[in-house]
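starting from these lines, generate the structure:
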Amino acid sequence: MAPVKVFGSAVFANAARVMACLEEVGLEYEVVEVDYTAKEHKGPQHLSKNPFGQIPAFQDGDTMLFESRAIAKYVLRKYSKPAQVDLLREGNPEEAAMVDVWTEVEAHTYLPAIAPIFYECVVYPARLGTSSNQKVVEESLEKLKKVLDVYEANLSKNKYLYLAGDFFSFADLNHFPYTFYFMTTSHASLFDSYPSVKACWGRLMARPSVKKISDGMVLRA
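A predicted model of the protein is given here:
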């Protein structure tokens, strides 16, 4: 069987999310580079795969998908083997609901707080050679602290090992790429104030899939 294709390398956080899921299920895949600096993602070839001109796009035979969380769930649903951990917990409605809850929290609450820090401290200096806008960073850090307060309360109060319970799930894996980049900044020590969150992050980073993908997530100027 021909490998599936991911359009966009692991330096793109959303592509890294997809690749981590592909590694979890052990599926062979091909990475097709997209030259962001040459604006290939806005060209007709890429727009035919992702009409919003974003990265990644994904191809599995005749199936073409965009939106990284949807792609990741597709991979987990189609290619997870019975002996593997069910990262979506779809056999248990209550557990599946908790996975969905924290997946939604990542997309709508965690990401808006952490993403500006990622861009200001990682992307812009590496790609544009500009300094961080400290006002944006400080405002985002305050928002992130409030989000992490809720995460810490959930983990510590319930004595959970992971966000949705005592089981590793897509909800945890979903947080990997942007948190990884945050941890490369001078603000990584923020997590020291949230011991349960930091421990959960450590368990996530110990997974072979995450270790492998993170090796390719180095942004260079």
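
rest of the way, CA atoms for contacts and neighbours
Will do.

chain neighbours aside, what residue packs nearest to E120?
S132 (4.8 Å; CA to CA, 6 or more residues apart in numbering).

contact partners for that neighbour?
120-121, 124-125 (CA atoms under 8 Å, 6 or more residues apart in numbering).

tell me the pLDDT at it?
At S132, the pLDDT value in this model is 85.

that one and Q84: what is the separation?
Here the criterion is CA to CA, to the nearest Å. By it, S132 lies 42 Å from Q84.

before we move on, what about E106?
Look at E106 and Q84: by CA to CA, they are 24 Å apart.

tell me which of these two has more neighbours.
It is E106, of E106 and Q84, that has more neighbours when counted by other CA atoms under 10 Å, with 19 against 10.

the more buried one and D172, how far apart?
Summarising the geometry, the distance separating E106 from D172, computed by CA to CA, is 9 Å.

which residues in the protein form strands?
For the chain, the strands defined by DSSP state E occupy 4-7, 29-32, 57-60, 63-66.

could you export these as CSV, including mean pLDDT?
Written out in CSV, the entries for these read as follows (pLDDT from 0 to 100):
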stretch, mean pLDDT
strand 4-7, 98
strand 29-32, 96
strand 57-60, 98
strand 63-66, 98
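
how about those in CSV, adding distance to E139 and mean neighbour count?
Rendered in CSV, the data for the strands of the chain read as follows (distance: least, CA to CA, whole Å; neighbours: other CA atoms under 10 Å):
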stretch, distance to E139, mean neighbour count
strand 4-7, 33, 22
strand 29-32, 36, 15
strand 57-60, 32, 22
strand 63-66, 31, 15
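
I'd like these written out as CSV, with distance to L190 added.
Below are the strands of the chain laid out as CSV (distance: least, CA to CA, whole Å):
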stretch, distance to L190
strand 4-7, 33
strand 29-32, 33
strand 57-60, 33
strand 63-66, 33
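
so which of these comes closest to E94?
Comparing the strands of the chain against E94 with CA to CA, the closest turns out to be strand 63-66 (27.8 Å).

elements contacting the closest one?
The helices and strands touching strand 63-66, judged by 3 or more CA pairs under 8 Å, 6 or more residues apart in numbering; DSSP states H and E, are strand 57-60.

re earlier: now the contacts of S132: which count as buried?
Buried members of the contacts of S132, counted by 16 or more other CA atoms under 10 Å: 120-121, 124-125.

and stretch 30-37, how far apart are its ends?
Criterion CA to CA; first-to-last residue distance in stretch 30-37 is 21 Å.

contacts made by it with the rest, please.
By CA under 8 Å, 6+ apart, the residues outside stretch 30-37 that reach it are 3-9, 40-41.

ok, M205 touching K211?
Yes - applying CA atoms under 8 Å as the test, M205 and K211 come out as touching, 6.3 Å apart.

who has more neighbours out of those two?
More crowded of M205 and K211, by other CA under 10 Å: M205, with 17 against 13.
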